[in-house]
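Novice: I need the structure of the sequence given here:
(chains A, B, C and D)
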Amino acid sequence: MSKSHDHHHHGEGSELPDIALRVKSLESLLIEKGYVDPEALDVLIETYETKVGPRNGAAVVARSWLDEEFRKQLIEDASAAAGSLGFTGRQGEHLVALENTPDTHNMVVCTLCSCYPWPVLGLPPVWYKSAPYRSRAVADPRGVLEEFGVNMPDETAVRVWDSTAEIRYMVIPMRPEGTQDWSEEDLAQLVTRDSMIGTGLALTPDQLEAAKTP
Amino acid sequence: MSKSHDHHHHGEGSELPDIALRVKSLESLLIEKGYVDPEALDVLIETYETKVGPRNGAAVVARSWLDEEFRKQLIEDASAAAGSLGFTGRQGEHLVALENTPDTHNMVVCTLCSCYPWPVLGLPPVWYKSAPYRSRAVADPRGVLEEFGVNMPDETAVRVWDSTAEIRYMVIPMRPEGTQDWSEEDLAQLVTRDSMIGTGLALTPDQLEAAKTP
Amino acid sequence: MNGVHDMGGMHGFGPIGVEPVEPVFHADWERSVYAVSSAIGPISDWTLDADRHSTESIPGPQYLNASYYEKWFISLCNMLVERGYVSAQELASGTSLGPAKKVGDVLKAEDVADYVSASGRSSRSTDTKPGFEIGQEIRTRNINPSGHTRLPRYARGHKGIIERIHGVHVFPDTNAHGQGEQPQWLYAVRFSAKELWGSNQPGRTDVFIDLWESYLEAA
Amino acid sequence: MNGVHDMGGMHGFGPIGVEPVEPVFHADWERSVYAVSSAIGPISDWTLDADRHSTESIPGPQYLNASYYEKWFISLCNMLVERGYVSAQELASGTSLGPAKKVGDVLKAEDVADYVSASGRSSRSTDTKPGFEIGQEIRTRNINPSGHTRLPRYARGHKGIIERIHGVHVFPDTNAHGQGEQPQWLYAVRFSAKELWGSNQPGRTDVFIDLWESYLEAA
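Specialist: As a prediction, the model looks like this:
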């Protein structure tokens, strides 16, 4: 009914018509005050736009599928395992890996804010931080999974992890069938961001093929 | 921070810049469709602006202070007692009177919407229907009372009634000291709306005097 | 439903802003919203419970930003369109574009006084006996229905004492959803503030909540 | 605090809108908010917990209508003004009107890589032993603090099983309010969906929540 409130926030807009102006104004004030260095700002942005993202986590998962020793270390101490591939840092200091099995599916949420394992997954997508996911993931995880196109059989136990502390969870999806001889690099392509949050599964070889075809 | 959300709703404004226009448009549509009669609308408005209001409840309370039989009936069956003074109807079908004593103070809220005893109190004030009161009355009633200028001694038990059904509660405040020879009409002037919600006490004779002096 | 309307015990809504001298309505459009909502009652095919559910179904961000009569307006418009009294196009244009829905007798000016003072009791006669007695200890169930309910979140899974028996009343959880009145025994249940909130207030504080029998189990 | 940010189990927020191909940022101003918030970290005098509390303290109606980076922006502005980094007038004008607060070394471009990969662990060493053991049944306390807490409303007063022991971690409820780190044992606690929500989902569903020792008592 209300025009001014009907629209949804997918991060692409703002209620504040002058938000861009106000942010620019804050940024220049902080630079003028000497609190932030403009060049550092650029590097920070570049880091999370190009370097730290779900490709990191995909490399971790692919390695774990191929290297049993690494898989054990990942389950034992995920921060150390991810760190051994060079993925360390903010919002990933206490990383825990949750392994999906034919019996058990894991899924991660932060109902209170937006905690997320940055070093392996980058910055979270808008839906992860939004009210619909935060409210429903803990109370109706199977319904949420359906909305993501995943029909979880009744026999599979669903485990939802609400990140209420500084522990950061990443899901290790199951390795798809038909990938016996695949290289680590190729396997990593099957590992989507959503499969490491637990709202998706790893792609099958056919799905990957279809995704590549325009 | 956000200009567009800073303002509070005290019922005097609207987020929708065109609300007046849209309401007018709905009203004329419903009249055109033959669902409502414009003259009936005027009478409805007049009824709650001039006839049904807290003066009704004040008359009930004043009578109960003077007439022990009436007081007993009011406690026994408040709908019947109020009805005997001519106050019946919508949102007061199942009226319950809660008597304050030196040991016990009663207070009424509707946390889920805005249930209120219309026949005796009229339409509720904006604060009664708003988030601050609805959220805090059940969890911090003594703090709420303080905000209304009422310091409830620790010895007094506070009873909060959350109107979650069609039962409508009205509070019978204690009769103030120094009113032994007062008429029913004069006593009724001491009975404020808030004293019948339980967020206030009946006025003392001095307070009434002060309120009358401009 | 666990919506933002279920406000008991929430923090962060700020002080209670009391207007010293408050008018019954603050604008003509509020008068109109009030009047059309009331006048439509006798010919509407929805229950009071459905009406409440319509209001609490206003999306949270909008619910919290709308004033009281705005919520009435939004809810009324939604009901009128959903139930075929007006079309969305008619609502947008403010003009009738087709025949009206067949309805009963429209409220006339001369009948308003009777209508306003007429009773719309929710109590129903019964030959059953209440399942709980005054003074009995109960525990509220931990239900989280997505539909309408009158068991607030803050009162779920808690121990209380039956204080009053109100008789048998229409059950909102079904009546709001076209599943009939299914009347049940209704009780005023007393909860200590300590039980509900986990810490003592100075002095004794109790909260009384009207709860239907199926919300409760023996403690 | 029992704020609208505590969303677990709420209804009525609609479907989960997934963007098929989502950029990291949707606008330059989002990039800026992200970057200044991050860059200010090393010289700020607030904790991550205080930062979270600042965000959850955004009034409910505004919180629910603001996008993610809008909330960051609002929260950052509030912190900067409250703690004397900038004045409200400076914020409004975008121009410095007085001396800056004395701060430590500002983050330089060449140090960003180290900063991003540096650890900010919340775990602390201890010579205490955990009060609960793996497999033990506990009940969460029913606390309703008006300040910061990481015990969500939906998990209060419920029985669960200790699943993991995470070590000793900074306690947010005090650290957010300048009352020190007061580290406590932290556990992953398993709750059945039936225990939390009162009804069975098809198949087994469990919710795991990281909870500090003082949130828990032996069941």
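Novice: where does pLDDT dip in chain A?
Specialist: Scanning chain A for pLDDT under 70 picks out the ranges A:1-17.
Novice: ok, now which ones touch the residue nearest the centre of it?
Specialist: By CA atoms, centre = their mean, the mean C-alpha position of chain A lies nearest to residue A:121, the distance being 4.4 Å. Counting by CB atoms under 8 Å, 6 or more residues apart in numbering or on different chains, residue A:121 touches A:53-54, A:56-57, A:170, A:193, A:196-197. (C-beta placed from N, C-alpha, C; glycine too.)
Novice: residue 94: what's it in contact with?
Specialist: All of this is about chain A. Counted by CB under 8 Å, 6+ apart, residue A:94 has contacts A:79, A:166-168, D:121-123, D:166.
Novice: actually chain C
Specialist: Neighbouring residues of residue C:94 by CB under 8 Å, 6+ apart: B:24-26, B:28-29.
Novice: re the thing from before, just put the contacts of residue A:121 in a markdown table and tack on neighbour count, secondary structure and distance to residue D:94.
Specialist: What follows is these, written out as a markdown table (neighbours: other CB atoms under 10 Å in any protein chain shown; DSSP: H, G, I helix; E, B strand; the rest coil; distance: CB to CB, whole Å):
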| residue | neighbour count | secondary structure | distance to residue D:94 |
| --- | --- | --- | --- |
| A:53 | 18 | coil | 32 |
| A:54 | 21 | helix | 36 |
| A:56 | 23 | helix | 37 |
| A:57 | 30 | helix | 39 |
| A:170 | 27 | strand | 40 |
| A:193 | 19 | helix | 36 |
| A:196 | 27 | helix | 40 |
| A:197 | 28 | helix | 38 |
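Novice: helices of chain C, residue ranges please.
Specialist: Along chain C, counting by DSSP state H, helices occupy C:28-39, C:48-56, C:60-65, C:68-82, C:88-93, C:112-117, C:172-175, C:193-197.
Novice: quick check: which helices or strands does the fourth one pack against?
Specialist: It refers to helix C:68-82. helix B:19-33, helix C:28-39, helix C:48-56, helix C:88-93 (3 or more CB pairs under 8 Å, 6 or more residues apart in numbering or on different chains; DSSP states H and E).
Novice: give me the mean pLDDT for it.
Specialist: Averaged across helix C:68-82, the pLDDT comes to 97.
Novice: share the number of residues neighbouring residue A:149, please.
Specialist: A count of nearby residues for residue A:149, using other CB atoms under 10 Å in any protein chain shown, gives 11.
Novice: go on, residue C:38?
Specialist: Residue C:38 has 22 nearby residues by other CB under 10 Å.
Novice: just list whatever residues bridge to the closest residue to residue C:138 other than its chain neighbours.
Specialist: Leaving out its chain neighbours, the residue that sits closest to residue C:138 by CB to CB, 6 or more residues apart in numbering or on different chains is residue C:216, at 4.4 Å. Beta-bridge pairing for residue C:216 (DSSP bridges): residue C:140.
Novice: list the contacts for the closest residue to residue C:100 other than its chain neighbours?
Specialist: Leaving aside its chain neighbours, residue C:100 sits nearest to residue B:33 (4.2 Å; criterion: CB to CB, 6+ apart). Applying CB under 8 Å, 6+ apart, we find residue B:33 in contact with C:85-86, C:96, C:100-101.
Novice: how much space between residue B:33 and residue D:21?
Specialist: To residue D:21, residue B:33 is 47 Å away according to CB to CB, to the nearest Å.
Novice: what of residue A:184?
Specialist: From residue A:184 to residue D:21 the distance is 25 Å (CB to CB).
Novice: and those two? Which one has more around it.
Specialist: Neighbours around residue A:184 and residue D:21, counted as other CB under 10 Å, are more numerous at residue A:184. The numbers are 13 against 4.
Novice: what is the neighbour count of the spatially closest residue to the more buried one that is not a sequence neighbour?
Specialist: Sequence neighbours aside, residue A:62 is the residue nearest to residue A:184 in space, at 4.8 Å (criterion: CB to CB, 6+ apart). Using other CB under 10 Å, residue A:62 has 23 neighbouring residues.
Novice: that's a helix at residue A:62, yeah?
Specialist: Yes - counting by DSSP: H, G, I helix; E, B strand; the rest coil, residue A:62 falls inside a helix.
Novice: hmm, which helix or strand of chain C has the shakiest average pLDDT?
Specialist: When the helices and strands of chain C are scored by mean pLDDT, DSSP states H and E, helix C:112-117 comes last with a mean of 88.
Novice: residues in contact with that helix?
Specialist: Identification of contacts with helix C:112-117 by CB under 8 Å, 6+ apart yields B:40, B:43-44, B:47, B:52, B:88-90, B:119, C:41-42, C:107.
Novice: how far out from the middle of the chain is that helix?
Specialist: 21 Å (CA atoms, centre = their mean, to the nearest Å).
Novice: now residue C:75: how far from chain B?
Specialist: Distance of residue C:75 to chain B, given as CB to the nearest CB, to the nearest Å: 11 Å.
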